[in-house]
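1. model this:
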Amino acid sequence: MGLLMKYIYPLPAPIRARTRPMEVLAVGLSRSGTDSLRNALIQLGYDNTYHGWELAVQPSDNIAWTQLYLKKYFGSDDGKTNITTEDFDAVLGDSIAVTDAPAAMFAKDLIAAYPDAKVILNIRPDLDAWYASTTSTFCGNMVPRSHLLLSYFDAELFWFFHGFFTTLFRKFYHGSFEKNGKWVGEEHIAMVRGLIPKDRLLEWKVEDGWEPLCEFLEKDVPQTPFPKGNTTDDLGNRLAALHRTRLARAKRNAILVGASVVGLAAMTGVGALRIF
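-> Numbers count the residues shown, from 1 in each chain. The predicted structure is shown next:
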């Protein structure tokens, strides 16, 4: 993986420094109101709230999260697997709140790294509805097979698909969301509940709206409707628009590579005929 980062699919790593403390960790899994919650937190004054959408907008963030994944599961050069505050600040340093994946997948590590931050466990009470939404999004709209193939011909596409989907997402769900998504989701909720004292934890769902969220964060309740987030179709459409240029570039590169291989094969064939 290190060679891929450095030589084959290089992208400039994000350089961020913390100037304000991390205040809110929303560690519920994707498709649990994370986009609505992000919009609500921004409206409440948490002006830089990190969300998994950043992985699509800034593909180099996938490299940073992949590095955290490698340290967590395989250890650093000195054998340490604990992810430090400084490690997280390299990608989250300019954020004062965070929600959605991949942060939720590092919930335990984030809670340890930012012990003064308040923790929100955003949930979707209907497990079957959450599972269906996640399946149609992360196992459908966001990862079409044709895009996975083309991703090998563009660094930004490569890291979007393989940094998150085929590395972090697959590892978190023990190789298969379809097989393991429900029990992993339940286990995640139980783990967060067991980690955090009640005075630092808010268990919240979108239907709860502003009041419990504002009470927990000690903010005035806005006189506006609670913001709505992405539907599955909305997310698919936003990604299609975002990837249009990247896919065009990947197709061009694939054609160039294919033409080069054909040309090389033709030259090799001519040489072989001359030899024999």
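2. can I assume residue 20 sits in a helix?
-> No: Residue 20: not assigned to a helix; according to DSSP: H, G, I helix; E, B strand; the rest coil it is coil.
3. State the phi and psi torsions of it.
-> Note on residue 20: backbone dihedrals following degrees, to the nearest 10 are phi -130, psi 150.
4. Now do the contacts for the nearest residue to residue 54 once chain neighbours are set aside.
-> Of all residues not flanking residue 54 in the chain, residue 61 sits nearest, at 5.4 Å (CB to CB, 6 or more residues apart in numbering). Using the backbone N, CA and C atoms, a C-beta is placed for each residue, glycine as well. Counting by CB atoms under 8 Å, 6 or more residues apart in numbering, residue 61 touches 14, 54-55, 91.
5. Compare those residues and tell me which has the most neighbours.
-> Tallying neighbours with other CB atoms under 10 Å puts residue 91 at the head of those, with 26 neighbours.
6. Quick one: low-confidence residue ranges for the protein.
-> Scanning the chain for pLDDT under 70 picks out 1-7, 140-143, 269-276.
7. which residues in it form helices?
-> Under the criterion DSSP state H, the chain carries helices at the ranges 2-3, 34-43, 54-57, 60-74, 85-92, 107-113, 127-136, 145-150, 155-158, 170-172, 177-195, 210-217, 232-275.
8. Which of those helices sits closest to residue 203?
-> Nearest of the helices of the chain to residue 203, taken as CB to CB: helix 177-195 at 7.4 Å.
9. The closest one packs against which elements?
-> Where contact means 3 or more CB pairs under 8 Å, 6 or more residues apart in numbering; DSSP states H and E, helix 177-195 is packed against helix 107-113, strand 118-122, helix 127-136, strand 201-204.
10. Could I get the ones you listed in TSV, plus columns for distance to residue 21 and mean neighbour count?
-> Putting the helices and strands packed on helix 177-195 into TSV (distance: least, CB to CB, whole Å; neighbours: other CB atoms under 10 Å) gives the following:
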stretch	distance to residue 21	mean neighbour count
helix 107-113	12	19
strand 118-122	11	22
helix 127-136	31	16
strand 201-204	18	19
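11. Dump those into CSV; add distance to residue 30 as well.
-> CSV is the format used below for the helices and strands packed on helix 177-195 (distance: least, CB to CB, whole Å):
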stretch, distance to residue 30
helix 107-113, 12
strand 118-122, 10
helix 127-136, 6
strand 201-204, 16
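12. Now find how far off-centre stretch 191-203 is within its chain.
-> Averaging C-alpha positions (CA atoms, centre = their mean, to the nearest Å) puts stretch 191-203 23 Å from its chain's average.
13. Other residues contacting that stretch?
-> Here stretch 191-203 makes contact (CB under 8 Å, 6+ apart) with 27, 107-108, 111, 118-121, 123, 212-213, 216.
14. Looking at these, which two lie furthest apart in space?
-> Farthest apart among these by CB to CB are 108 and 212. That separation is 23.8 Å.
15. As JSON lines, the helices of the chain with distance to residue 18 would be great.
-> As requested, the helices of the chain are exported to JSON lines (distance: least, CB to CB, whole Å):
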{"stretch": "helix 2-3", "distance to residue 18": "26"}
{"stretch": "helix 34-43", "distance to residue 18": "18"}
{"stretch": "helix 54-57", "distance to residue 18": "16"}
{"stretch": "helix 60-74", "distance to residue 18": "14"}
{"stretch": "helix 85-92", "distance to residue 18": "5"}
{"stretch": "helix 107-113", "distance to residue 18": "11"}
{"stretch": "helix 127-136", "distance to residue 18": "31"}
{"stretch": "helix 145-150", "distance to residue 18": "34"}
{"stretch": "helix 155-158", "distance to residue 18": "26"}
{"stretch": "helix 170-172", "distance to residue 18": "25"}
{"stretch": "helix 177-195", "distance to residue 18": "23"}
{"stretch": "helix 210-217", "distance to residue 18": "20"}
{"stretch": "helix 232-275", "distance to residue 18": "28"}
